[in-house]
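**Q** Sharing a model that was predicted from the sequence below.
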Amino acid sequence: MTNLPSTEFHPRWYRARVSTYWWMGSWRYLLFILRELTSVAVAWSVVLTLLLLRALLNGPEAYSRFMHRMQSPWMIAFNVIAFCFLLLHTITWFNLAPRAMPVRVGGKRVPEFLVAAPNYVLWVVASAAIAWFVLRAS
Amino acid sequence: MADKIVLEIARYAPETDEKPSFQSFEVPFRKEWVVLDALNHIKDKLDGSLTYRWSCRMGVCGSCGMMVNGEPKLTCATFLSSYGNGAKVRVEPLRYFPVIRDLVTALSDFLVKLQSVKPWLIRKDEPPLSAGEFLQTPEQLDLYKQFSMCINCTLCYAACPVVGLEPSFVGPAALALAQRYNMDNRDQGAQERLGLLAHPEGIWGCTFVGECTRVCPKHVDPAGAIQQYKLKAALEWVKSFVLPRGHDEDSTEVRS
């Protein structure tokens, strides 16, 4: 860029370029990027559940083959990471829910934690019900 | 140790500099001083050429927003004591804005965006003056009051990575202001604004990073305003399928 003289109507403004690594500038930005990436883990879990259902429908042999594949160390490691991402996904979005949905009762806004809390309660209840159903069978 | 603090200030002179550089100034460390007091001390005693904006020094005018140690802050409300005696504090112009000189940013783009959301009461029918004033209950006021507290300090723009990456994004403060008028029961322009803002440079540009809300000195919650706006826009979109004709006529007022 040449050293153009500035005038009253054409000042030379300095415009900083945004770094490709802007998301590494603060842990809050990093957490946001991780939260966005959790969608991949959610998609993976859905696919895995569908594959499990398909194996179940295809009979005991297909099911045991599927379970055997699931027991490989790299699959366990991968699923542990996916599970951590799922937890991050759930917690971050539950915490953001009160912002997107301000609930009003009698003209007054309900405190944020009261909007987030039912999500957590439902989560725990649903998880407990599924755990009971699965563990009871084994 | 003498009570002092070092301010590393970004300097940029458009006549001579290609890009900003930092200059350090040593100022007295006083517990009642905010960063703006330190800047005023520098301008009065050390270097009169230091350029920055300020006015009310009490968190009302929104002029003195700067990056302090990488965080968007109103310098009139940021105490030196929060950084400690002998500390080094870096003061830069607000991020993502063009810099005119030293700590002064160009606001023209922001002002165009602010105006683009039509931040005024839009009426389809203007009652005669003899009908008296528009009455509003405390509950009706409460619906939009939070969003009306904005002082246009632009800290939320400096906190939003979308603003930096997509310069055409309308941005947090302007979208929150649009929602402020949408939620006002005296306004009838919600549908008109929705047409202007339900696009990728408007509400759909927001990825809900949430930093705008965190840095807002007036607790406006622009992130919340935008998400509520998105919900409204999505419902309107569904309605346009279910009620292909005529739904626009009845839904001039946005309520959530």
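**A** Cool, got the structure.
**Q** Strands of chain A, start to end?
**A** Remark: strands assigned in chain A by DSSP state E are A:104-105, A:108-109.
**Q** Including distance to residue B:55, could those go into JSON lines?
**A** No exception for glycine: its C-beta is placed from N, CA and C like everyone else's. Shown next, in JSON lines, are the strands of chain A (distance: least, Cβ to Cβ, whole Å):
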{"stretch": "strand A:104-105", "distance to residue B:55": "36"}
{"stretch": "strand A:108-109", "distance to residue B:55": "32"}
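**Q** which of those sits most buried?
**A** Mean neighbour count (mean count of other Cβ atoms under 10 Å in any protein chain shown) peaks for strand A:108-109 among those, with a mean of 12.
**Q** what does stretch A:67-75 contact?
**A** Residues from elsewhere that reach stretch A:67-75, judged by Cβ atoms under 8 Å, 6 or more residues apart in numbering or on different chains: A:55, A:76, A:79.
**Q** which residues does the second one contact?
**A** Contact partners of residue A:76, counting by Cβ under 8 Å, 6+ apart, are residue A:70.
**Q** what residues does the stretch 151-256 of chain B put near chain A?
**A** B:161, B:164-165, B:207-211, B:213-214, B:221, B:223-224, B:227-228, B:230-231, B:256 (Cβ under 8 Å from any Cβ of the partner chain).
**Q** For the residue minimising distance to the centre of chain A, give its distance to chain B.
**A** Taking Cα atoms, centre = their mean, the centroid of chain A lies closest to residue A:89, which sits 2.3 Å from it. According to Cβ to the nearest Cβ, to the nearest Å, residue A:89 and chain B sit 13 Å apart.
**Q** pLDDT value on that residue, please?
**A** Note for residue A:89: predicted pLDDT of 96.
**Q** Check the one 4 residues further on too.
**A** At residue A:93, the predicted lDDT confidence score is 93.
**Q** Could you check what's spatially nearest to it, not counting adjacent residues?
**A** Leaving out its chain neighbours, the residue that sits closest to residue A:93 by Cβ to Cβ, 6 or more residues apart in numbering or on different chains is residue A:35, at 8.0 Å.
**Q** that older thread, out of the contacts of stretch A:67-75, which are inside helices?
**A** For the contacts of stretch A:67-75, membership in helices holds for A:55, A:76, A:79, with DSSP state H as the criterion.
**Q** Could I get the contacting residues of the first one?
**A** Translated: residue A:55. A:62-63, A:65-67 are the contacts of residue A:55 under Cβ under 8 Å, 6+ apart.
**Q** The residue nearest to the centre of chain A against residue A:35, yeah?
**A** Yes - using Cβ atoms under 8 Å, residue A:89 makes contact with residue A:35 at a distance of 7.0 Å.
**Q** Now for the residue nearest the centre of chain B: which residues touch it?
**A** With distances taken as Cα atoms, centre = their mean, the residue of chain B nearest its centroid is residue B:154 (3.3 Å). Taking Cβ under 8 Å, 6+ apart as the criterion, residue B:154 is in contact with B:62, B:65, B:94, B:97, B:105, B:107, B:110, B:173.
**Q** What is the burial count for residue B:229?
**A** Using other Cβ atoms under 10 Å in any protein chain shown, the number of residues around residue B:229 comes to 28.
**Q** Please name the residues that touch it.
**A** B:175, B:178-179, B:182, B:197, B:203.
**Q** From those, which land in helices?
**A** Going by DSSP H, the helices hold B:175, B:178-179, B:182, B:197 from the contacts of residue B:229.
**Q** For residue 41, grab the count of nearby residues.
**A** No chain in the question, so chain A it is. 20.
**Q** Wait, chain B was what I had in mind.
**A** 16.
**Q** Which residues are in contact with it?
**A** B:27-28, B:33 are the contacts of residue B:41 under Cβ under 8 Å, 6+ apart.
**Q** That one belongs to a helix, doesn't it?
**A** Yes - per DSSP: H, G, I helix; E, B strand; the rest coil, residue B:41 lies within a helix segment.
**Q** What distance do you get for it to chain A?
**A** For residue B:41, the distance to chain A - Cβ to the nearest Cβ - is 25 Å.
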